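# A structural model of the following input is requested.
(one chain, ligands or ions: 1)
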Amino acid sequence: MTGNQDDKGHAVVVRNAYKRYTKQQTILDGLDLTLPKNKIYGLLGPSGCGKTTLLSCIVGRMRLDYGSIKLSATTRRELGYMPQDLNLHLRLSIWETLKFYGYLFGMEIDEIRKRADELIKFLQLPPEGRMVQDLSGGQQRRTSLAVALLHNPDLLILDEPTVGLDPVLSKSIWDRLVEMTENGKTVMITTHYIEEARQAHIIGLMREGVLLAEESPASLMARRNVDSLETAFLQLSQLQEHNSKKAIEPKAYPIGPRPPVTLADNTWFLPSRFKAQVMKNLYLLKREHIFVAFVFLLPIVQMTLFNTAIGQDPKNLPFGVVSYDTPNGFADCRPDAYHGCLLDSSYNYSITCKYREHLLKKDFAVKEFRSLEEARSNVWHNNIWGVIFFNQNFTKALGERIDKRNRLDDETLEMSIMDAWIDLSNQYIGNMVKHSVTLGTIDFVHDVLKDCNITQKLFDTPLTYETPVYGSMIPKFTHFASVAMLALCAFYLPTILTASLMITEKMGGLIERIMVAGVTFSEMTGSMLVVQFVVMLIQNILSLIVMYGFFDNPMIGNYATVFIVLNLLGFGGMFFGILIGVGCNTYYMAAYVGTASNLMLVFICGLAWPVEGAHYLLKSVSWMFPLTLTTQGLRGMTARGWPLMHPTVLEGVASIVVWIGLFVLICIVLIKTEKGSWVSAK
Ligand SMILES: Nc1ncnc2c1ncn2[C@@H]1O[C@H](COP(=O)(O)OP(=O)(O)OP(=O)(O)O)[C@@H](O)[C@H]1O
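Model prediction:
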């Protein structure tokens, strides 16, 4: 910020400051403020007049719309800030909080210990192991004040530090502030207790976005000829109201440069601040036993549920059989009796008994009906999934069909055919029933031919499927979807965790406070990534163990390379979570974005159904989405044993790397254009 020569010797100089949140209300209306060094400046004004807004702009938490702010402080360490709201991590103890902020300000542990002991005593704080959330409101505010005083800053900005304190403690705080100014410090303080501000060296009376007065309490009262600050303020307010009624032209709102408050250590990355953030994240994680257990249990539960609930063929489906070929129904079926070749003259049994055996082998719950009408009525009433019907003399007709083949009359051919009626309202079960009945019938015919020593191939379609090049002879849906499930979890579990952590910190104003302490976006996200990287590694290991160790999913590739690609997806998920955190200010919004994108990716990226089957327009853009190519690469690695250097796998890796870059880019654009932000205030 620029200033002139007169600004030398001043700790804070605000010139022609304008700020508004909405066009309807101007909060700072060309405000000028001067705070000389080594003084206490008491900023007073009615509730809602803009005191907090002004302080937020001074500490760099927000930016003016127009005007300038100059600080004598050149580094963040020289600035101490106590916001109006608590803005502290509730799940940290007093000591952990002080240690965290101490490290943020580059202090050594011995120094932090010494200052913490002194402040805990001075501010009468409870034992340092107590969590902030378990403190009373007053104790929380005192902890907040301790954080502002911890690093012994040259410039202290305190937003209502004495609210809710008993008068004795309040007085001792004021005494301490006076003492600090005698030792070269400067203090700016807001308070609702106007008379309390008598101890300030300068008073700024703020109203309707400007300062009505800026002078020492004594001269302020003397000039108005009153003996209380309250009365002086009242008089000035009345005068301002009178003058503003006379003003005819509304003032234009200026548009122009608004450089941010920049302090020397506002560098993009400082290892000490990064370390402090990592430490804080670990403290928080350590405290959340149940949450951590949940985070690690989630992939196990997801993978187990997926493998046990999805993709398995339904068993014991009720299926009807009507056989007019057995006069007394299946009661006549005696397994020892119907062995042998049905072409033999001694063969006197219904072959449909054998067919029933094959249906049972296909895990159908076979129900016998004596009439076709009754059976079909049961299909109609959803009691059975279908019915198969055998004509009278089916055994004889089948025997003739095998024996005579090309000399068969139409009637016998017709009699040797079974008819089936199937409920196809449920596509998956219907197809599965059809498939099982067909397979059962093929097995049955093979069995019959074998008993008669006739080569089975004679009655087969002229096509043989040899051992598959990749995959198993009977592919399962789970084999297709297992990789999709892995990819989805690897991407979304970190997304959920990152987005929720960011929004928690954002909503509590925590990010804003640590930002004032100098923490940058890269340090904050970097520290999150480090902690979450470990979480992600464990989650992905657990997912792989359950998916391939406990369940029979195809895995002929290299576990290490699959693991690497999964973790890349995890990084993609983390950066997507950061983007959600930057773009959304509430959990609701984040939940909607997360859920909507999840569903969209499942459909677009070929996770629930092969991309090859999608609409051609969708198919042509599907590859662009984050999970499509990477999942295809992973599928090739697990089911086909492709190495990391296989072109398709490399395409998948490149795709997620590009997406990570894109997420970072969008975050940066959102922050720079202030459309989204990693803090709530703007
Ligand atoms: N994020 C925001 N969006 C819109 N309006 C806001 C926002 N923050 C504050 N305001 C409005 O700006 C005005 C000034 O608020 P500010 O918190 O700066 O006042 P204050 O003087 O500190 O009040 P108090 O003494 O009650 O803390 C208020 O009318 C408030 O409603």
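
# name the helices or strands packed onto the top helix by length along the chain?
With secondary structure taken from DSSP state H, the chain has its longest helix at helix 477-507. Packing contacts for helix 477-507, counted by 3 or more CB pairs under 8 Å, 6 or more residues apart in numbering; DSSP states H and E, involve helix 289-309, helix 510-516, helix 521-544, helix 559-583, helix 587-604, helix 628-640. Any C-beta I mention is one placed from the backbone N, CA and C, and that applies to glycine too.

# got the angle for it vs helix 559-583?
40 degrees (axes from the mean of the first three to the mean of the last three CA atoms, to 10 degrees).

# mind putting the helices and strands packed on helix 477-507 in JSON lines, mean neighbour count and mean pLDDT included?
Formatted as JSON lines, the helices and strands packed on helix 477-507 follow (neighbours: other CB atoms under 10 Å; pLDDT from 0 to 100):
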{"stretch": "helix 289-309", "mean neighbour count": "14", "mean pLDDT": "92"}
{"stretch": "helix 510-516", "mean neighbour count": "23", "mean pLDDT": "85"}
{"stretch": "helix 521-544", "mean neighbour count": "19", "mean pLDDT": "92"}
{"stretch": "helix 559-583", "mean neighbour count": "22", "mean pLDDT": "95"}
{"stretch": "helix 587-604", "mean neighbour count": "15", "mean pLDDT": "92"}
{"stretch": "helix 628-640", "mean neighbour count": "24", "mean pLDDT": "94"}
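
# Any idea which of those gets closest to the ligand?
helix 510-516 (11.4 Å; CB to the nearest ligand atom).

# want to try CSV for the helices and strands packed on helix 477-507, with distance to Leu458 as columns?
Formatted as CSV, the helices and strands packed on helix 477-507 follow (distance: least, CB to CB, whole Å):
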stretch, distance to Leu458
helix 289-309, 41
helix 510-516, 77
helix 521-544, 47
helix 559-583, 46
helix 587-604, 46
helix 628-640, 35
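
# For Arg15, find the nearest of those.
Nearest of the helices and strands packed on helix 477-507 to Arg15, taken as CB to CB: helix 510-516 at 21.4 Å.

# In space, what's closest to the residue most central in space within the chain - neighbours in sequence excluded?
Most central in the chain under CA atoms, centre = their mean is Ile496, positioned 1.8 Å from the mean C-alpha point. Leaving out its chain neighbours, the residue that sits closest to Ile496 by CB to CB, 6 or more residues apart in numbering is Gly594, at 6.5 Å.

# neighbours of Glu96, just the number please.
21 (other CB atoms under 10 Å).

# what helix or strand is it on?
helix 94-104 (DSSP states H and E).

# Would you mind pulling up the elements that that helix packs against?
helix 109-122, helix 137-149, helix 271-287.

# So which of those helices is the most surrounded?
helix 137-149 (a mean of 22; mean count of other CB atoms under 10 Å).

# Report all helices and strands that that one contacts.
Counting by 3+ CB pairs under 8 Å, 6+ apart, helix 137-149 packs on strand 79-82, helix 94-104, helix 109-122, strand 155-159.

# who wins for proximity to the ligand among those?
That would be strand 155-159 among the helices and strands packed on helix 137-149, by CB to the nearest ligand atom, at 7.2 Å.

# which is the next helix or strand following the closest one?
helix 167-182.

# what about the strands in the stretch 351-500 of the chain?
364-369, 386-390, 419-422 (DSSP state E, counting those that start in this stretch).

# of all those strands, which lies closest to the ligand?
strand 419-422 (63.4 Å).

# Adding distance to the ligand and mean pLDDT, write the helices and strands packed on helix 137-149 out as a markdown table.
Compiled in a markdown table, those are given as follows (distance: least, CB to the nearest ligand atom, whole Å; pLDDT from 0 to 100):
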| stretch | distance to the ligand | mean pLDDT |
| --- | --- | --- |
| strand 79-82 | 13 | 94 |
| helix 94-104 | 23 | 96 |
| helix 109-122 | 25 | 95 |
| strand 155-159 | 7 | 95 |
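
# Serialize the ones you listed to a markdown table and add fields for distance to Phe364.
Shown next, in a markdown table, are the helices and strands packed on helix 137-149 (distance: least, CB to CB, whole Å):
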| stretch | distance to Phe364 |
| --- | --- |
| strand 79-82 | 74 |
| helix 94-104 | 63 |
| helix 109-122 | 72 |
| strand 155-159 | 75 |
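
# which residues touch the residue of the stretch 351-500 of the chain at minimum distance from the ligand?
Nearest residue of the stretch 351-500 of the chain to the ligand: Ala499, at 21.8 Å (CB to the nearest ligand atom). The neighbours of Ala499, taking CB atoms under 8 Å, 6 or more residues apart in numbering as the test, are Gly577, Ile578, Ile580, Gly581, Cys584, Ala590, Gly594.

# my guess is the last one meets Thr498, correct?
Yep, that's Gly594 we're talking about. No. Assessed by CB atoms under 8 Å, Gly594 is found out of contact with Thr498, at 10.5 Å.

# okay, and the common contacts of those two?
Ile580.

# residue contacts, Val278?
For Val278, counting by CB under 8 Å, 6+ apart, the contacting residues are Ser527, Val530, Val531.

# Adding distance to the ligand as columns, could you present the residues you listed in CSV?
Shown next, in CSV, are these (distance: CB to the nearest ligand atom, whole Å):
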residue, distance to the ligand
Ser527, 27
Val530, 32
Val531, 30
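
# quick one on the thing from earlier: you'd agree the residue nearest to the centre of the chain is up against Ala591?
No. Contact criterion CB under 8 Å: Ile496 and Ala591 do not qualify, at 9.3 Å.

# wait, is Gly42 part of a helix?
No. Using DSSP: H, G, I helix; E, B strand; the rest coil, the assignment for Gly42 is strand, not a helix.

# And the pLDDT at it?
Looking at Gly42, its pLDDT is 95.

# For it, list each beta-bridge partner.
Taking DSSP bridges as the rule, Gly42 bridges to Ile189, Ile203.

# measure Thr360 to Ile69 for me?
For residue 360 the amino acid is Leu, not Thr. 85 Å (CB to CB, to the nearest Å).

# More neighbours: which of these two?
When Leu360 and Ile69 are compared for neighbours, Ile69 comes out ahead with 24 against 13, by other CB under 10 Å.
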